[in-house]
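**Student:** Pasting the sequence and the predicted coordinates here, then a few questions.
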Amino acid sequence: MEAVGLRSHLGYVLSEAERAVNRGLSTALQAEGVTVEQWRILRALSDGRGHSMGDLAEAALMPHPTLTKAVDRLVDSALVYRRQDPNDRRRVAVYLSNSGTLLVDRLDHAATAHHRTVEAAFGPQRAEELMRSLTLLIESLR
């Protein structure tokens, strides 16, 4: 069957797939009171290095103003904190707090369970191939 209308455009189909996947992920994270966007921020910070807002916006796939508001809420919840970079006083980095680290551990379980649900619905091999293909697409378009 030939694709017609919006579904004939890759960008649309990718957005629709993202919505479907994130709807389930949102449900999985809801028990901890965390949104998908907050999970991305926390997960990006879990490497322990501290990130500038610019690096964090790119990693979390969020525009700067939206990221700033989300980080402010996470700071208010004591899950992350900001600290001036000791090597560059002009740079402020965001770090995961101890409470944030404990939360990320719990969120990882929820995200992994969601990933398994997607694999069960789509098939593990197809899901793995899709991730490889999408990663190649991203690299090709950079």
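**Tutor:** Arrived safely.

**Student:** how far away is the residue at minimal distance from the centre of the chain from residue 4?
**Tutor:** In the chain, the centroid-proximal residue (CA atoms, centre = their mean) is residue 40; its distance is 2.8 Å. Distance, residue 40 to residue 4, by CB to CB, to the nearest Å: 33 Å. For glycine as for every other residue, the C-beta is placed from the backbone atoms N, C-alpha and C.

**Student:** same question, residue 94
**Tutor:** Taking CB to CB as the measure, residue 94 falls 45 Å from residue 4.

**Student:** and these two? which has more neighbours close in?
**Tutor:** Neighbour count, other CB atoms under 10 Å: between residue 94 and residue 4, residue 94 has more, with 21 against 7.

**Student:** That one should be in a strand, yeah?
**Tutor:** Yes. Looking at residue 94 with DSSP: H, G, I helix; E, B strand; the rest coil, it is inside a strand.

**Student:** for it, what are its contacts?
**Tutor:** 45, 50-53, 56, 71, 80-82 (CB atoms under 8 Å, 6 or more residues apart in numbering).

**Student:** swap in residue 10?
**Tutor:** Counting by CB under 8 Å, 6+ apart, residue 10 has no contacts.
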